[in-house]
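> Any chance you can model this:
(chains A and B)
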2 protein chains.
Amino acid sequence: MTAEMMLRGAGTRDSRAWISELENLGVERGESVGVAQASYSGATLKDNLHPALELIADMLLRPHLPVDQLEAGRSVCLQDLRGIDDEPSHKLMIELRRRHYPDPWGRSSHGDEEGLSEITIDEVQQFHATHYRPDETILGVAGNFDWNELRDRVEELFGSWKSHPVAEPHGVNGRPPGNYIPFESGQSHVGVAYPTIPYKHPDYFQAWAAVGVLSSGSSSRLFTEVREKRGLCYTVHASLHTQRDRASVLCYAGTTAERAQETLDVTVAELLRIADGIEQSELDRLKARIKSSLIMQQESTSARSGSIARDWYHLGRVRTLDEVGRMVDELSAQSINSFLDENPPRDLLVVTLGPEPLEVPVGIL
Amino acid sequence: MTAEMMLRGAGTRDSRAWISELENLGVERGESVGVAQASYSGATLKDNLHPALELIADMLLRPHLPVDQLEAGRSVCLQDLRGIDDEPSHKLMIELRRRHYPDPWGRSSHGDEEGLSEITIDEVQQFHATHYRPDETILGVAGNFDWNELRDRVEELFGSWKSHPVAEPHGVNGRPPGNYIPFESGQSHVGVAYPTIPYKHPDYFQAWAAVGVLSSGSSSRLFTEVREKRGLCYTVHASLHTQRDRASVLCYAGTTAERAQETLDVTVAELLRIADGIEQSELDRLKARIKSSLIMQQESTSARSGSIARDWYHLGRVRTLDEVGRMVDELSAQSINSFLDENPPRDLLVVTLGPEPLEVPVGIL
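Below you'll find the model as predicted:
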């Protein structure tokens, strides 16, 4: 709600004027709210960087959070939440995260009906005052700009921003019970989660490459076994989902109700089989793919600015693309297999959504 | 089905070998099938361009289309089709296009249950032989390459490809009746379509800019009236959907069932109000956004190669980004309003999907 309300006027400008001014500068804007941060991004021509930063500073430091727009803002957030009922794959992955992570780290950023219905403008203002704070804000900028000019401007715009002590979030609710969500449909949706190491861990790239062998590209194991050979489903993927202090592999497959049990069994078997290690040829293909994608990232200032902020959040410093390239070069089947020996997939959590519950495969009981 | 089967082995390589080889070259691959074309794209490092083209040539000219993988391919396509039942917004827009365009131009590229169930390997092979043809194939390449080398290599790889005469597709089925699709949910999905001019039309940019005023950015009319002021829905957008010889504006809004009628009424009122013309300030904001996005497109070789192929398909030539920039500069509120005077939104088709039918707003009866 706070992120929604922050776009509704700031500084000397009301809601319309603030957004119009940003769009007059040609800013392509995006916001997202995650479990531990809100993120705001924008891309524009280099001459517009400083004026755009002024508007962003107004939004972060001096949002109006106007009471006369609270109901419209609440309604948009409720519409967003209710829309998930029509997106079963999305709904499943939300429920999987809620059951996998300790609360509050598995909460959905969409909130819940009760919380959204009751929220007051005072609570929104209090949330902003408490949680939007300079010591936890990271600004990543990529593109054609002068470093000294930018640093001075950021000092002028953000230097007066004061912080307050804030308590760390702690778990307040238990995880929801059960691992089956009834849903009337001819489709079933299968989610699997297991813990792994976060981005800041020195072995992160080993963990990440193992997931890549499972799910990156059409020659990956999940794609080959579940989709190509057996035609069990159109979409199957696993990815490494990292927070600062915890991480997991999240896997999704969507299929027809008749083929759901087989899809779950084959998917879980592939996830567990990674513990036996990967082959050199799998790593070679993965490295070729990563190398291309690093070069393509260099093309994109938007992607680069996001990586800068992400690195600072997780590591407290920025990795250059060269450094990332070297770390990828140093990956070997041996180093990945040692990692997998010590960290085989374990504590797999299966959550399914569909017309009938499925049997949890014996391999993970 | 043909596009799915074409990825299952080509030239001297079987399915596994062909895909592995492509991924060894670090190619980020994508395929999509539209109403009039199939499209294959790839991005990789410059040194891998020629070897990647060899693999693509094998796929286009010498696919195995193996009978022993037909059932797996069919199953994947059926899973894809059935998955749409769980994506009501997607389902609605498919039904909107089917009712709006003359058949076959409104068909869904996902096919239908009956067609997919009955297709034989002979039909797949026949489809490939008839419809994959050099005179209707466009190759767009962007990035760092030597023109003469590329031209010679393309001649070697594709020069022997023979074409056959082919009949133009013609309408065979009527459009489906009715404009309401029952769907058990707390949500309703609203779609509106009306005809406009295609990309190749000299006034295309006027039509495109008018849709931009409706739906590009957070200060656009639909976003402001439907989402921000009234909080009617989380997502609302209109876009210009162009084929070679016909085009339409397609508009979508998703909301809760209780607010669906109001959402439809407000959305249609905004679409119709564009006939009264746009304001200079709206155009100024739109131009600023377009200018940014053109610069960002220049950053992306993938986006550029797609534009090259698209221009050639629609215009028979390639527009430079400078040319597009000039055409955008030349847009004026006056030129757009003259266009809208002569081409106001008309023949609006409303299709809705949800628990209850809605009343078609009187303005369009």
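
> When you work out contacts or count neighbours from here on, use the C-alpha atoms and nothing else.
OK.

> can I assume A:Glu282 is in contact with A:Val213?
Yes - using C-alpha atoms under 8 Å, A:Glu282 is in contact with A:Val213, at 6.3 Å.

> Now the common contact residues for the two.
A:Ser220 (C-alpha atoms under 8 Å, 6 or more residues apart in numbering or on different chains).

> ok, and for the lowest-mean-pLDDT helix or strand in chain A, which residues are buried?
For chain A, using mean pLDDT, DSSP states H and E, the weakest element among its helices and strands is helix A:280-299, scoring a mean of 89. For helix A:280-299, the buried set under the neighbour-count rule, 16 or more other C-alpha atoms under 10 Å in any protein chain shown, comprises A:282-293, A:296-297, A:299.

> Then stretch A:64-79?
Quick answer for stretch A:64-79 (16+ other C-alpha under 10 Å): A:64-66, A:69-79.

> Just the CA atoms of that stretch, as PDB, please.
C-alpha atoms of stretch A:64-79 as PDB (Å, rounded to 0.1, in the frame of the first residue of the first chain):
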ATOM      1  CA  HIS A  64       2.200  13.200   0.200                       C
ATOM      2  CA  LEU A  65       0.600   9.900   1.000                       C
ATOM      3  CA  PRO A  66      -2.700  11.800   0.600                       C
ATOM      4  CA  VAL A  67      -5.700  10.600   2.600                       C
ATOM      5  CA  ASP A  68      -8.100  11.500  -0.200                       C
ATOM      6  CA  GLN A  69      -6.500   8.900  -2.500                       C
ATOM      7  CA  LEU A  70      -6.300   6.100   0.100                       C
ATOM      8  CA  GLU A  71      -9.500   4.400  -1.000                       C
ATOM      9  CA  ALA A  72      -8.400   4.400  -4.700                       C
ATOM     10  CA  GLY A  73      -5.000   3.100  -3.700                       C
ATOM     11  CA  ARG A  74      -6.600   0.400  -1.400                       C
ATOM     12  CA  SER A  75      -8.900  -0.600  -4.200                       C
ATOM     13  CA  VAL A  76      -6.000  -1.100  -6.700                       C
ATOM     14  CA  CYS A  77      -4.100  -3.200  -4.100                       C
ATOM     15  CA  LEU A  78      -7.200  -5.300  -3.400                       C
ATOM     16  CA  GLN A  79      -7.800  -5.800  -7.200                       C
END
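
> residues making contact with that stretch?
Outside stretch A:64-79, the residues that touch it by C-alpha under 8 Å, 6+ apart are A:1-2, A:4-6, A:8-11, A:14, A:110, A:113, A:116-117, A:121, A:124-125, B:227-234, B:255-256.

> can you rerun that using 7 Å?
A:1, A:4-6, A:8-10, A:113, A:116, A:121, A:125, B:227-234, B:255-256 (C-alpha atoms under 7 Å, 6 or more residues apart in numbering or on different chains).

> Close to chain B as well: tell me which of the buried residues of helix A:280-299 qualify.
A:284-285, A:288-289, A:292, A:299 (C-alpha under 7 Å from any C-alpha of the partner chain).

> Can you lay out the residues you listed as JSON lines showing distance to B:Pro51?
Formatted as JSON lines, those follow (distance: C-alpha to C-alpha, whole Å):
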{"residue": "A:Asp284", "distance to B:Pro51": "17"}
{"residue": "A:Arg285", "distance to B:Pro51": "15"}
{"residue": "A:Ala288", "distance to B:Pro51": "14"}
{"residue": "A:Arg289", "distance to B:Pro51": "15"}
{"residue": "A:Ser292", "distance to B:Pro51": "15"}
{"residue": "A:Glu299", "distance to B:Pro51": "22"}
